[in-house]
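>>> What would the 3D arrangement of this be:
(2 chains)
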Amino acid sequence: MMSEAAVEKALDLKMNTVPYKMIGKDVSVYYGEKRALFDVNLNIRENTVTALIGPSGCGKSTFLRTLNRMNDTIENCRVSGRITLDEDDIYDPSIDVVELRARVGMVFQKPNPFPKSIYENVVYGPRIHGLARTKAEFDEIVETSLQKAGLFNEVKDRLHEPGTGLSGGQQQRLCIARAVAVSPEVILMDEPCSALDPIATAKVEELIHELRANFTIVIVTHSMQQAARVSQRTAMFHLGNLVEENDTDKMFTNPDDQRTQDYIMGRFG
Amino acid sequence: MTELATPTVRVSTRPAESRRDIGIKRRYAAERRFRAYGISAIVLGLFFLAVLLSTVIKNGYTAFQQTTITLPIEFSEKVIDPKNERATDPKQLMTANYPLLVRDALVKQLGLDATKRPLVKQATDMVSASARTQLRDIVVADPSVIGKTIPVTLLAEANIDSAFKGQIDLSVDESKRKVKDRQVAWMNQLADAGVLKKSFNTGIFSFGASSRPEAAGVGVALVGSLYMMLIVLVLSLPIGVAASIYLEEFAPKNRLTDLIEVNINNLAAVPSIVYGLLGLAVFVNFAGMPRSAALVGGFVLTLMTLPTIIIATRAALKAVPPSIRSAALGLGASKMQTIFHHVLPLAMPGILTGTIIGLAHALGETAPLLLIGMVAFVVDYPGSPMEPSTALPVQIYMWANEAERAFVERTSGAIIILLIFLVFMNLGAILLRRRFERRW
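Purely as a prediction, here's the structure:
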């Protein structure tokens, strides 16, 4: 087991050569008069799990939500700076927010399946984006998405039962399947395991690990161990500033910044 | 040694009273008192409800029975059409002396001397004057009955009806009551012969306005109320829901929308008679719509119901968890799709409940209808919402102003009909709520 981990880490060391999927330059966010993010420069690498860590209120969730413009739904919220997704400025007026969110999916802190059947939950995204036409195509999307989310075997006999009847962990994986069904390029996860028990958390973490092959993942987490387990890159936020961004290994063994060191050691936050 | 021992002792024997005196007994007593208040409030409420319902039902159940007199009527050609003109002059059948047929039949039935006019007059007074139109309708519908003798069930006059139901105190001096001793005797004679009896009163549901209680019913009022409910539903549900969705989901939160919100809340509290004045000024006087029409009534009630529906709908929309919106938006649904695919279905039970309660409120509303002239004496069914009609609560109001004993029971009877409608509407609200309710 140690050797497997060692192999993975050796692979991860090549991180610096992986191209950027999203580039954030001088990103600042204001909630009315209050400034929540201060000129953050953070790039997200392709097919990589990037963990955002930091104490509560440090702006990590705010940054995450700028990546698919979920901040647009908050009144008085203003974003400055430049964020690109494959060269496209996502705040450019020519970019449609609906299309952006189809490319950058999101999984939330609390599992939030629609109060509909499992099947309906998964096909909703493909349906509104016109990704399939026939029943057979939708069935296929449902099956592959649920398989990718590691949920298919558990629910294949009750696809038409309500999604809200599943356990918390299953609901969260259903939400991941729902996000995956739209075939996004990036998946944002806002503390996806904070409402789950350790076993469900382990399953979701395993899933994140597998999803990395096909998707770029950005995850906000409060758990240092989780960041260490699932991510290849880690970014540390503090008081609205990006403190440090580094390979996860380096971050947890030999961080460049004293504040990172202190936070990881549990001296604050 | 002692110095060391003393503090340990002090710690272990903390004064028991100070630790326990946190008012446990008082707290429980307060809780018991509060429960007692609640129970007594509910008991009081139920008591008044029981009094109300029992009074209405006690006074009103007799309205659903009507005394009838079945007489073999001889449709004599001599009386109806003595000169045999009906082929050339159809008016002849409309203006014939039908009461004479009733008189003849009654005289024969009671075995009276037809020459004693006051006596005969008293006898024919026992039959409702509506017999004229009833017989006329029979003959006009089928002129071949002329010359035949057919048993016809006629309505008893209201006072006879009341007397037969035992509602008139016969111990009062004869000169002071409307039913004379001789009539009572005939009444009993006819009842013994099986000619005069009580039967279910279908007329109260089908007749229009009439100054004769036995021929009065809520038929026109029911049709008027039905038209108005349809107009209110068709107008206020879409307008109210659309306004709520815009205000709740799309409108920016600023002074203007705050002002609109305050005004909507205030409008819900505006006395309904003010809406009546508004309707009179705008719809009738300015727009020139017909008076007494269900159309105008429907418009006025729509204005009155809108604030209720908007407030209920906004509350229902607000109650949908924000996580559902985030989920849909995060998948790339547009705002419109988010609302119509997810938020609105989840808010539907609340919206429907609010709408039906608003409708029930509108169904029972009287004051604004009085101002736009729906307090009219309408005999014929309105063929369209543009024609004059009345409404159920207005009919109750009008009957409550009448003095006859028979109108008293009809007032309560109409109240029972109105209450039954309201119960069904509320039942519908509950069922719809159950049907649409989803857990999340």
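
>>> Which element, helix or strand, includes residue B:288?
Secondary structure assignment for residue B:288, by DSSP states H and E: no helix or strand.

>>> Could I get the phi/psi values of it?
Dihedral angles of residue B:288 (phi, psi; degrees, to the nearest 10) stand at phi 70, psi 30.

>>> Show me what the helix or strand hosting residue B:310 is packed against.
If you go by DSSP H and E, residue B:310 is part of helix B:294-318. Judged by 3 or more Cβ pairs under 8 Å, 6 or more residues apart in numbering or on different chains; DSSP states H and E, the packing partners of helix B:294-318 are helix B:219-245, helix B:255-267, helix B:272-279, helix B:344-363, helix B:367-371. Every residue, glycine included, has its C-beta placed from N, CA and C.

>>> can the helix or strand that it is followed by be found next to chain A?
Remark: after helix B:294-318, the chain's next helix or strand is helix B:322-330, criterion DSSP H and E. Yes - using Cβ under 8 Å from any Cβ of the partner chain, we find that helix B:322-330 touches chain A at B:323, B:324, B:325, B:326, B:327, B:328, B:329, B:330.

>>> got TSV for those, with neighbour count too?
Formatted as TSV, those follow (neighbours: other Cβ atoms under 10 Å in any protein chain shown):
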residue	neighbour count
B:323	16
B:324	20
B:325	19
B:326	20
B:327	27
B:328	24
B:329	23
B:330	28
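
>>> got the contact list for the residue of the stretch 101-250 of chain B found nearest chain A?
Per Cβ to the nearest Cβ, residue B:249 is where the stretch 101-250 of chain B lies closest to chain A, at 10.6 Å. Neighbouring residues of residue B:249 by Cβ atoms under 8 Å, 6 or more residues apart in numbering or on different chains: B:317, B:335, B:339, B:343.

>>> What about the last one, how many residues nearby?
Residue B:343 is flanked by 22 other residues according to other Cβ atoms under 10 Å in any protein chain shown.

>>> sorry, back to before: what about burial for the contacts of residue B:249, which qualify?
Buried residues within the contacts of residue B:249, defined by neighbour count using 16 or more other Cβ atoms under 10 Å in any protein chain shown: B:317, B:335, B:339, B:343.

>>> Look up how far chain A lies from the first one.
Between residue B:317 and chain A the distance is 15 Å, computed by Cβ to the nearest Cβ, to the nearest Å.

>>> What of the second one?
Computed with Cβ to the nearest Cβ, the distance linking residue B:335 and chain A is 9 Å.

>>> is it true that that residue touches residue B:250?
Yes - using Cβ atoms under 8 Å, residue B:335 makes contact with residue B:250 at a distance of 7.3 Å.

>>> Tell me where the stretch 101-250 of chain B has strands.
Counting by DSSP state E, counting those that start in this stretch, the stretch 101-250 of chain B has strands at residues B:149-155, B:196-200.

>>> out of the residues of helix B:322-330 next to chain A, who's nearest residue B:59?
Distance to residue B:59, by Cβ to Cβ, is smallest for residue B:324 among the residues of helix B:322-330 next to chain A, at 51.6 Å.

>>> which residues sit in contact with the closest one?
Applying Cβ under 8 Å, 6+ apart to residue B:324 gives the contacts A:112, A:114, A:115, B:342, B:343, B:346, B:440.

>>> How about the second one: what's its closest non-neighbour residue?
What sits nearest to residue A:114 in space, not counting adjacent residues and going by Cβ to Cβ, 6 or more residues apart in numbering or on different chains, is residue A:121, at 5.4 Å.

>>> Name all residues that make contact with residue B:292.
Residue B:292 makes contacts with B:372, B:373, B:374, B:376, B:378, B:388, B:389, B:390, as judged by Cβ under 8 Å, 6+ apart.

>>> ok, now with 6 Å
Residues in contact with residue B:292 (Cβ atoms under 6 Å, 6 or more residues apart in numbering or on different chains) are B:373, B:374, B:376, B:388.

>>> related to what we said a few turns ago, identify the residues contacting the helix holding residue B:310?
Counting by Cβ under 6 Å, 6+ apart, helix B:294-318 makes contact with B:224, B:227-228, B:231-232, B:235-236, B:240-241, B:243-244, B:248, B:264, B:267-268, B:272, B:275, B:279, B:283, B:289, B:347, B:350-351, B:354-355, B:358, B:362, B:368-369, B:372, B:374, B:385-386, B:389, all of which sit outside it.
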